[in-house]
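K.L.:
test case, fold it:
(one chain, ligands or ions: 1)
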Amino acid sequence: MKIIPGISARGLAARIAAELGCKAASCEFKRFPDGELYTRIVDDVKDEELVIVQSIRADSDLICLLQLIDAVEEAVKTKVVIPYLGYARQDKKFKHGEAISVRAIARSISAAGVVDTIYVVNVHNKAVLKYFDVDTKELDAAPLIGDYVAKKEIAHPVIIGPDGGATELAKAVATPRRFDYDVLAKKRISSEEVEIKPKELSVEGKNVVIVDDIISTGGTISEAASLLKAQKANDIYVACVHGVFVQNAISRMHNAGVKEIIATDTIESEFSRVSVAKMVAEELKKQS
Ligand code: R5P
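P.N.:
Alright, predicted model coming up:
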């Protein structure tokens, strides 16, 4: 087996290769003067079993993935790992005339070449996997986040999802380590007043870990952190699977009272404290 590192996942690809005890192929990426991306797999990978690893964070990451799938046409078998599948939040038409962006992306990947299986890590909405015309498997990084939180020895952490959409993630982070978990929910106090607080638990005097699948602008987390601070939570940590971190997301979260930010390496950043490499490698071993 050989790993083909895409432009957006070179560090993670190297870690997956190390876990598998196999080689990561040498690839060349550059831009033509007009901005088009040039992609080349330098090593000879003919007749090999290959695993392409490429997150889709920027638009050009999709181009790179399509190029890599096209370039490995003589492989025996090709698997694709997409640690972060961007555009997954545009999973339906919210307004008339909109594209279902993730469907367009899934279709283009499915048509780019012969792919055996596609692996994704915590896709925003699992239902979108039906848009791929290839076998898919979703891997769950939530227990890895739970393990990291446990190692930090935060006293009695409470895992909080910032909204109902994060319920499953909060549960999956908390359950293996037997942490308490809850999600923030709106409660109508009167016709003029709405209160947002954890559905069941009190956070007063407790250390909280807010978990979400994606942090982009940090708006969702900042709002949640401010609300939890107002309810007298003690230290507030934030953990996500995919740290997109655009604009002033980091300072915004710190200004809202967040003590520490934790992300995985599906998107590499200085906050990538949790690696999904071992989990991906173990899955690839099972399927080879
Ligand atoms: C939304 O459904 C997602 O789960 C995240 O809560 C959202 O994408 C976070 O975005 P932002 O950081 O911009 O608030």
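K.L.:
in the chain, which residue is most central in space?
P.N.:
Note on the chain: the residue nearest the mean C-alpha position is His242, at 3.3 Å, using C-alpha atoms, centre = their mean.
K.L.:
where does that one sit: helix, strand or coil?
P.N.:
What DSSP: H, G, I helix; E, B strand; the rest coil gives for His242 is strand.
K.L.:
for it, list each beta-bridge partner.
P.N.:
Judged by DSSP bridges, the bridge partners of His242 are Ile214.
K.L.:
against Leu184, how distant is the closest residue to the ligand within the stretch 51-200 of the chain?
P.N.:
Closest contact between the stretch 51-200 of the chain and the ligand, by C-beta to the nearest ligand atom, is at Gly165 (5.0 Å). Bear in mind the C-beta positions are built from the backbone N, C-alpha and C, glycine included. Gly165 is 11 Å from Leu184, where distance means C-beta to C-beta, to the nearest Å.
K.L.:
the more surrounded of these two?
P.N.:
Leu184 (22 against 14; other C-beta atoms under 10 Å).
K.L.:
pLDDT averaged over the host helix or strand of the more buried one, what's the number?
P.N.:
In the assignment (DSSP states H and E), Leu184 maps to strand 180-188. If you average the pLDDT over strand 180-188, you get 90.
K.L.:
CA atoms only for it - export them in PDB, please.
P.N.:
Extracted C-alpha coordinates of strand 180-188, given in PDB (Å, rounded to 0.1, in the frame of the first residue of the first chain):
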ATOM      1  CA  ASP A 180     -21.800  14.400  31.700                       C
ATOM      2  CA  TYR A 181     -23.100  16.000  28.600                       C
ATOM      3  CA  ASP A 182     -25.900  18.300  27.400                       C
ATOM      4  CA  VAL A 183     -26.700  20.800  24.700                       C
ATOM      5  CA  LEU A 184     -27.800  24.400  24.800                       C
ATOM      6  CA  ALA A 185     -31.400  25.000  24.100                       C
ATOM      7  CA  LYS A 186     -33.800  27.900  23.900                       C
ATOM      8  CA  LYS A 187     -36.400  28.100  26.600                       C
ATOM      9  CA  ARG A 188     -39.200  30.600  26.300                       C
END
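K.L.:
what lines up beside that strand in the sheet?
P.N.:
Strand 180-188 has its sheet partners listed here by DSSP bridges as strand 158-161 (parallel), strand 194-198 (antiparallel).
K.L.:
buried residues, that strand. List them.
P.N.:
180-184 (16 or more other C-beta atoms under 10 Å).
K.L.:
closest to Leu201 out of these?
P.N.:
Among the buried residues of strand 180-188, Asp182 lies closest to Leu201 (C-beta to C-beta), at 4.4 Å.
K.L.:
which ones are touching the closest one?
P.N.:
158-161, 170, 198-201 (C-beta atoms under 8 Å, 6 or more residues apart in numbering).
K.L.:
out of those residues, flag the one nearest to Ala230.
P.N.:
Ala230 has its nearest neighbour among these in Pro198, at 12.2 Å by C-beta to C-beta.
K.L.:
list the beta-bridge partners for that closest one.
P.N.:
Leu184.
K.L.:
what about it, neighbour count?
P.N.:
23.
K.L.:
same deal with Lys93?
P.N.:
Count around Lys93 with other C-beta under 10 Å applied: 10.
K.L.:
against Arg103, how distant is it?
P.N.:
Taking C-beta to C-beta, one finds Lys93 at 10 Å from Arg103.
K.L.:
ok, Lys199 next?
P.N.:
33 Å.
K.L.:
Glu193 now?
P.N.:
In terms of C-beta to C-beta, Glu193 sits 40 Å off from Arg103.
K.L.:
the more surrounded of these two?
P.N.:
Taking other C-beta under 10 Å, Glu193 and Arg103 do not tie; Arg103 has more neighbours (17 against 8).
K.L.:
tell me the SS of the more buried one?
P.N.:
The local conformation at Arg103, judged by three-state DSSP, is helix.
K.L.:
can you check the one 10 residues further on too?
P.N.:
Of the three states, Gly113 takes coil according to three-state DSSP.
K.L.:
tally of neighbours for it?
P.N.:
With other C-beta under 10 Å as criterion, Gly113 counts 17.
K.L.:
now do Gly21
P.N.:
8.
K.L.:
and the pLDDT for it?
P.N.:
Looking at Gly21, the pLDDT reads 97.
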